[in-house]
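>>> My questions concern the predicted model and sequence given below.
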Amino acid sequence: MDSFLLKAMCSSVSGRYALALFNVALEHRTLERTLEEINIASKLLEKGQPFRIIILRIFQNRLKPEWLDDFLKKIDFLKTTSSFLFLTAHNKRIDCLPDIVRLFKMLVDDNLNQESILVYTSDEVNNEQKANIFEKLTNIFHKKINISFKIKESILGGLTAHSNSVTIDASVKHQIEKFAKIAKSYFD
């Protein structure tokens, strides 16, 4: 990872947490599993989720900590992830979790020489279309890629692809905006 980016990351609270988790997961050789679990935890701990309320109550001494430990064992989290969640909640950093996950993912991707890409389409894409998108993005990035697909109707058609380093906008909405600028320039 670029030393400037690493220094910048370490200057934020979320960055320090992400780096600490990364170092432990790297040492235990559990980077990918830790990333998977921390993503799940982040979704469970979003505001309004019942699991978030339980963790906060545990650290406010309203529920027994063993209950959380039992829950984490039932969903088969690694000890690393469980300890990290306890530490994050205890230090009142739960609201930083989405940013911690994003930064942790960047560290994992860099270490594994891969790129995580989020692709937005206006409609559901079939397997053939997914394979075509995968092939084209592999040719662009020249490394192992992990693609997640989400629907975003506001792009009207086409797609947008977002990685940590690049955004590709091949959406109909973007094309319309470009055309509108060109058309407007003729009237100026």
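All right, it came through fine.

>>> Buried residues of the helix or strand harbouring residue 131, list them for me.
Assigned by DSSP states H and E, residue 131 belongs to helix 127-141. Within helix 127-141, the residues scored as buried using 16 or more other Cβ atoms under 10 Å are 133, 137, 141. Every residue, glycine included, has its C-beta placed from N, CA and C.

>>> wait, doesn't the last one sit right on residue 115?
In this case it means residue 141. Yes - at 4.9 Å, residue 141 counts as touching residue 115 under the criterion of Cβ atoms under 8 Å.

>>> Give me the common contacts of the two.
residue 163 (Cβ atoms under 8 Å, 6 or more residues apart in numbering).

>>> Buried residues in the helix or strand containing residue 109, which are they?
Secondary-structure assignment from DSSP H and E places residue 109 in helix 97-111. Burial within helix 97-111, assessed by neighbour count using 16+ other Cβ under 10 Å, is assigned to 97, 99, 100, 101, 103, 104, 105, 106, 107, 108, 109, 110.

>>> ok, the helix or strand just after it: who's next to it in the sheet?
Scanning forward in sequence from helix 97-111 by DSSP H and E, the next helix or strand is strand 114-121. Partners of strand 114-121 in the sheet, by DSSP bridges, are strand 144-151 (parallel), strand 158-162 (antiparallel).

>>> Show me the protein divided up by domain.
Following automatic domain parsing, one gets these domains for the chain: 3-110, 114-187.

>>> Distance-wise, check the closest residue to residue 44 other than its chain neighbours relative to residue 58.
Among residues not flanking residue 44 along the chain, residue 51 sits closest, at 4.2 Å (Cβ to Cβ, 6 or more residues apart in numbering). Noted for residue 51: a distance of 11 Å to residue 58, by Cβ to Cβ, to the nearest Å.

>>> for residue 185, same thing?
60 Å.

>>> So which of those two has more stuff around it?
More neighbours surround residue 58 than the other of residue 185 and residue 58, with 19 against 8 (other Cβ atoms under 10 Å).

>>> does that one really touch residue 67, like I thought?
Yes - counting by Cβ under 8 Å, residue 58 does reach residue 67; the two are 6.9 Å apart.

>>> and the gap between the residue nearest the centre of the chain and residue 164?
With distances taken as Cα atoms, centre = their mean, residue 102 lies nearest the centre of the chain, 4.4 Å away. Residue 102 sits 8 Å away from residue 164, going by Cβ to Cβ.

>>> Fine, thanks again, bye for now.
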